[in-house]
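Visitor: Got a predicted structure here, sequence first:
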Amino acid sequence: MPARLLILALALLLSACARGPDTDGLKIYRHSLGGAPSSLDPVQSATVYANHVVVNVYDTLYAYKYLKRPYELKPNLAAAMPEVSDDGLTYTIPIKKGVYFIDDPAFPGGKGREVTAADFVYSMKRHFDPKMRSQGAWLWAGRIEGLDAWKKAGAHYDQEVPGLRALDRYTIQIRLTRPYPQLIHTLAQGFSAIVPHEAVDYYGREFSVHPVGSGPFKLETFDSVRAVLVRNPKYRREPIDLAYEGYDPARHARYGIAGIEGKIPPLVDRLEIHFIKESLSRWNSFTKGDEIQYATIPKELLNEVLLQKQPKIVLRKRYADKYFMLAGLENGFVHTDFNMKDPAIGYNSDPERQKRNHALRCAIRYAFDWAERNRTFYNDMGFVFPGIIPPVVPEYDPDAPRDALEHNPDKGRRLLAENGWTADNLPTLTFGGVASVDSRQMFEQFRGWLLKIGYPREKVQFDSYASFGDYNRAVKQAKVMIIGMGWGLDYPDAQNTLQLFYGPNASPGSNASNFNDPEYNRLYEISSVMQPSPERTRLYRKMNRIVLDACVTISGLSRRNIYLWHKNVISYPDQSIVGGFHLKYVDVK
Amino acid sequence: MEILQYALRKFITGIPLILGVTFISFLLMVYFGPDKTYELAGKNATPEQIAEIRHQLGYDRPFLVRYGEYLRELVTLDFGYSDSTGERVSHILERTIPISLALILPGFVLGNLLGIALALVAAHHRGRWLDKLIMGGSVVGMSISFLIVIIAFQIIFCSNYGLGWFPVRGWNVYDFWDYLRYVTVPTLATVFVALGYNTRFYRAVLVEELGRDHVRTARAFGAPPAEVLFKHVLKNAMIPIITRIMFSIPFVVVSGALLIESYFGIPGVGLVTYDAITTGDQPVLKAVVGLTAVLFVLVLILNDIFYKLVDPRVSLQ
């Protein structure tokens, strides 16, 4: 009996093991992320985590230049930037010849075939096939001629879409219903990655964990704690031209990036992306030396690792000797919105009450103390700016009036009194959030500020949700009164944040505040079809002002990210916009 | 034959238990669990798209129809595809359960064996300093949070701040040496925490047994202490010991060890289950809950059979 048990235990052990890969002599880079992707299907690559894998195993038509900031697009699978018709409605895009999908059992004989324009058309159609559960269709909904109608007609892939055609084997044509200047940005995102129909048919639902692409890497293994990618031997040989990629010696030389000039990506043989939610465990692994080579600093250790946080972030010597550091603002911001659908605080059928609600929201904004919020929750490293155009986009106005950021409880108290608000008639406010220590503390801080403008304590309550999913559902159903939100930019254009307050995008869309201002909507519609120009920037800033004047949001703060990586790694990390596009340029000494 | 008949009979009587557990847990999943719709809907979903997703997820179907579907899945062991990853649930479990077993088994076995050994020593020296020392140590083990133990052990044994002998994270297990490298610290952490509970429980059982007539008689006949402990005490105390061990098995097999897996970066079933709970991945949750319930019934059966094996007076009738 004991012998049998022993055999059973050994069998069990062996079943948990697998034959190990031969990694001797290989260049291996071990990256880390604070969360894990769920699906690797491009149509579902809605998170920065998923994009880290997706843009490295698949090709997109366009990509961002490795080092250029502000971001600049470049052709990736596309052979050139698109040819755009004068009316801005027709995009003609040539793609590179001789690009092949990886070898995979999905293809006849297991040999990957050439990527063609038809693959792009197929990949885009998938977003409008209800079976695919696309999370990116919103980028193109109502914008490409015939695509929505194709969906309504049953999403039959053999049916042509007039606005999405392969003119020949290597030429794509996209016809828009109205100008969409951000279209090229969307063609750099993981959502628009190009997949072969053979693999989708072969793997069915499990295509989400069996990516078959033509990107610089191919997936070897994927589970809840890591993805292992290996070099795609068929990846096209395009030497790195650093000047073209935006190399600036003043910013990049210290990281040794000059050393990759002329090399052919990907520069490592094996890329491991570790998904580590526990910041201390991630830090222990990072500082171990032979495990992950890239990490962020745990909040608890900031003072231990940093010598100085302001005005410049400086590492302590013992860390600076071992690690490179890059600190930058996130491509996004956090803000607190008022739900305008709630008559107690937003739009009201009684014009007088609506006016008083406006005063109430402005008074609450006067109570809000951004400096304290920054100190308490963002280590005083966040960047506070007025409105909804964050500093990372080119349309940001550094000279914009900062009155909307003013912390002035006396002014708030006066405003309430002038508009007839008393402790008795003030509405009960509910501040929504996930049941976490941080959310609760943010609420308590918020309530503390409101007490200073005369708000009775019992009239400020926390509306707690068990998970982000539950909270998100309540927000999408317009059930949350005061909404703490964060937004990560999909592309570096303020249109992406301005759409957060566009009336037709109201819940369940991304306009969580349900703001619906005719003038704002009109300007949004005008600017949304304009190419980047000073005039468009002027309209953007005007819209920003409308949102601020309406006191519909208390905004905003861009958090500062600090990245560290080992000194034997040559990298310039960027995990915000289209996370992970830099990984094919990472080298290991 | 008697055992087989008994097992069959017992399994049939266990079906209401499975139905009860699955019904209640499914009720909680459906009405109180996270709603996956908005996670899958994307940023600017229209009400039509939301309705489409709800339909695909089956949220728009009557509860009893969905529960019936769940039972069918449990019988056929086909739970479909994960709503999060799209991977077949059976593939997820096939991949993760062996890892969790390999991870937890050493700690489970050692925790129980050492617990019994320490309990025997403590019981034998009842009331004396050795007993007090062991019981004091047990209370310490029980009092420290598992999370703290994991973090402390990781720092002490794995990180560069400590000894740095073992990997901080990962499960690159390709041979027995790898296995030892990755499993040692999680096992130490598990044993450290489990030992306290096990020792106290087993000591209580053994002390009770020590006071029985047959033990006094054995001593009166001049049986040496070791014989008294192992032959007359331990053997007769096996029923509660087996019960405790057996009832831990379903958790070990299916639920895994979330904290251990999470902090040591081990892709086991505990992590998958936790993700399924927090994201509302019902196909995975249904599988885990259903299989745990079935395992419980099987364990109940095995438990009774083991009773019979260690104590022939126990009847399976």
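Guide: Cool, got the structure.
Visitor: Now the residue most central in space within chain B. Nearest residue, chain neighbours left out?
Guide: Closest residue to the average C-alpha location of chain B: residue B:251 at 2.2 Å, with C-alpha atoms, centre = their mean. Leaving aside its sequence neighbours, residue B:251 sits nearest to residue B:292 (C-beta to C-beta, 6 or more residues apart in numbering or on different chains; 7.5 Å). Any C-beta I mention is one placed from the backbone N, CA and C, and that applies to glycine too.
Visitor: just checking, next helix/strand downstream of the strand or helix carrying residue B:197?
Guide: Using DSSP states H and E, the element containing residue B:197 is helix B:176-210. Per DSSP H and E, helix B:176-210 leads on to helix B:213-220 as the next helix or strand towards the C-terminus.
Visitor: Residues in contact with that following helix: which ones?
Guide: With contacts defined as C-beta atoms under 8 Å, 6 or more residues apart in numbering or on different chains, helix B:213-220 is touched by B:209, B:227-228, B:231-233, B:236.
Visitor: Just among those residues, which is most surrounded?
Guide: residue B:233 (24 neighbours; other C-beta atoms under 10 Å in any protein chain shown).
Visitor: That one is in contact with residue B:209, isn't it?
Guide: Yes: look at residue B:233 against residue B:209 with C-beta atoms under 8 Å: they come within range, at 4.8 Å.
Visitor: Quick check: phi and psi on residue A:231?
Guide: Backbone torsions of residue A:231, given as degrees, to the nearest 10, read phi -50, psi 140.
Visitor: On the pLDDT front, check it for me.
Guide: The score at residue A:231 is 97. That number is its pLDDT.
Visitor: Is it bridged to anything, and to what?
Guide: residue A:217 (DSSP bridges).
Visitor: quick one, what contacts it?
Guide: Residue A:231 neighbours (C-beta under 8 Å, 6+ apart): A:216-218, A:266, A:268-270.
Visitor: gap between it and chain B?
Guide: 19 Å (C-beta to the nearest C-beta, to the nearest Å).
Visitor: Next one: that residue relative to residue B:264, how far apart?
Guide: 28 Å (C-beta to C-beta, to the nearest Å).
Visitor: Distance to residue A:556 and pLDDT for the contacts of helix B:213-220 - can I get that in CSV?
Guide: Formatted as CSV, these follow (distance: C-beta to C-beta, whole Å; pLDDT from 0 to 100):
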residue, distance to residue A:556, pLDDT
B:209, 68, 87
B:227, 77, 88
B:228, 75, 87
B:231, 75, 85
B:232, 75, 86
B:233, 70, 87
B:236, 71, 84
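Visitor: from those, which two are the most distant?
Guide: Distances among the contacts of helix B:213-220 were taken as C-beta to C-beta; the most separated pair is B:209 and B:227, at 14.1 Å.
Visitor: Out of the contacts of residue A:231, which two sit at the greatest distance?
Guide: Using C-beta to C-beta, these span at most 13.3 Å, a distance reached by A:218 and A:268.
Visitor: any weak-confidence spans in the stretch 51-200 of chain B?
Guide: For the stretch 51-200 of chain B, applying pLDDT under 70 flags no range at all.
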